[in-house]
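[1] Dropping a prediction and its sequence here:
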Amino acid sequence: MWKVALLLIFTLITVPVICFYYDDPLSAIQLDALVTLLWVYGIASLLCFLVSSITENYSQVDKLWSIMPIPYVWIIAAYADYNERLVLMAILVTVWGVRLSLNFARRGGYSIKFWTGEEDYRWSILRAKPGFEKKWKWMLFNLIFISAYQMGLVLLTTLPALRVLGSNMPLGLFDVVLAVLILGFIYIEYLADQQQYVYQTEKYKQRRQGNIAPFYKIGFVHTGLWAYMRHPNYMAEQAIWIVFYFFSVVATGHLINWTITGGLLLVLLFKGSSDFSESISEEKYPEYKNYQKSVGRFLPFKRRYNAPN
């Protein structure tokens with residue numbers, strides 16, 4: 001995991017520097033907005049680190065993952081005096097954030113005691129792995145990767161809106177196409193999350209009752225969208241923010257600009273995250289390796305998975 005973290009941090013540093021050579025420098029208003037965003041980011045990251053360290057619940061960033069992009073984009077929209085394109089972008093991010101937050105809430109991610117709530121099972125597994133045997137190592141990982149890096153990635157994915165700030169390009173057909181694509185991917189993500197939620201809820205219900213059907217003995221959701229992709233929700237999440245980046249392309253006419261960093265890092269994060277999740281699934285579910293051979297990770301380029309009878 002340290003190797004993945006270092007790769008992501010390296011990308012975070014190098015990609016913006018390279019892209020700056022192909023882009024215009026920040027204007028005064030963009031710089032002012034960025035300073036405001038960095039203050040919000042810094043406070044949120046520090047709170048995540050402190051709360052997770054005190055409570056030993058390391059899903060504090062998970063709670064804010066779907067929330068923080070909403071104020072980030074609306075802050076940028078406010079700096080632009082609510083430019084039409086930025087308002088559209090802010091509405092799309094709000095729809096995305098509300099939907100994802102509701103899904104996280106029904107899985108027990110939030111609590112009245114905000115510092116509690118269900119912790120992602122992967123953190124406890126990761127803490128037990130070699131490399132984190134000493135507490136200070138885990139605290140450093142929590143500070144650098146979980147709190148600072150992941151919260152930074154949340155900010156970076158929204159920064160195409162900052163690049164749009166100051167653009168005089170009127171709203172047009174391409175913006176409408178991008179908005180429709182994002183809404184479509186939000187729906188795909190909703191459908192994938194719903195299919196997973198229904199399957200897992202019924203699986204655990206039958207386990208408690210002591211009479212589990214073969215369909216649920218497999219252990220992982222494998223029908224619907226999941227019969228064609230192993231992570232349809234991850235695919236949609238990455239696609240949403242990649243499409244979001246293209247608003248900055250439409251507004252500026254620059255195919256490559258420094259705000260592409262967020263989308264690239266998100267793809268790398270989901271690659272590492274899915275690698276880790278699948279290593280756990282391989283150990284838990286005997287059929288999972290056959291599932292991997294049959295179905296693509298993020299794209300439906302293989303064949304449909306047919307579960308054994």
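    On my side now, so go ahead.
[2] residue ranges with poor pLDDT in the chain?
    1-22, 115-117, 119-123, 125-128, 131-133, 309 (pLDDT under 70).
[3] With just CA atoms, put stretch 225-236 into CSV.
    These are the backbone C-alpha positions of stretch 225-236, laid out as CSV (Å, rounded to 0.1, in the frame of the first residue of the first chain):
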residue,chain,number,x,y,z
LEU,A,225,-24.5,-4.6,-14.0
TRP,A,226,-22.2,-6.7,-11.9
ALA,A,227,-22.5,-9.6,-14.4
TYR,A,228,-20.7,-7.4,-16.9
MET,A,229,-18.2,-5.4,-14.7
ARG,A,230,-16.7,-6.2,-11.4
HIS,A,231,-16.9,-2.6,-10.2
PRO,A,232,-19.7,-0.8,-12.2
ASN,A,233,-20.0,1.8,-9.3
TYR,A,234,-16.3,2.5,-9.5
MET,A,235,-16.4,2.8,-13.3
ALA,A,236,-19.3,5.3,-13.1
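[4] how far out from the middle of the chain is it?
    14 Å (C-alpha atoms, centre = their mean, to the nearest Å).
[5] Check stretch 171-185 too.
    20 Å.
[6] Can you give me the buried ones in it?
    With burial defined by 16 or more other C-beta atoms under 10 Å, the residues of stretch 171-185 counted as buried are 171, 175, 178-179, 181-182, 185. All C-beta atoms are positioned from the backbone trio N, CA, C, and that covers glycine.
[7] any chance of those residues in CSV, with secondary structure too?
    Shown next, in CSV, are these (DSSP: H, G, I helix; E, B strand; the rest coil):
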residue, secondary structure
171, coil
175, helix
178, helix
179, helix
181, helix
182, helix
185, helix
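[8] In terms of distance to residue 142, which of those ranks first?
    residue 185 (30.7 Å; C-beta to C-beta).
[9] Spit out the contact partners of the closest one.
    236-237, 239-240, 243 (C-beta atoms under 8 Å, 6 or more residues apart in numbering).
[10] okay if I get those residues as TSV plus secondary structure?
    Listed next are the contacts of residue 185 as TSV, based on three-state DSSP:
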residue	secondary structure
236	helix
237	helix
239	helix
240	helix
243	helix
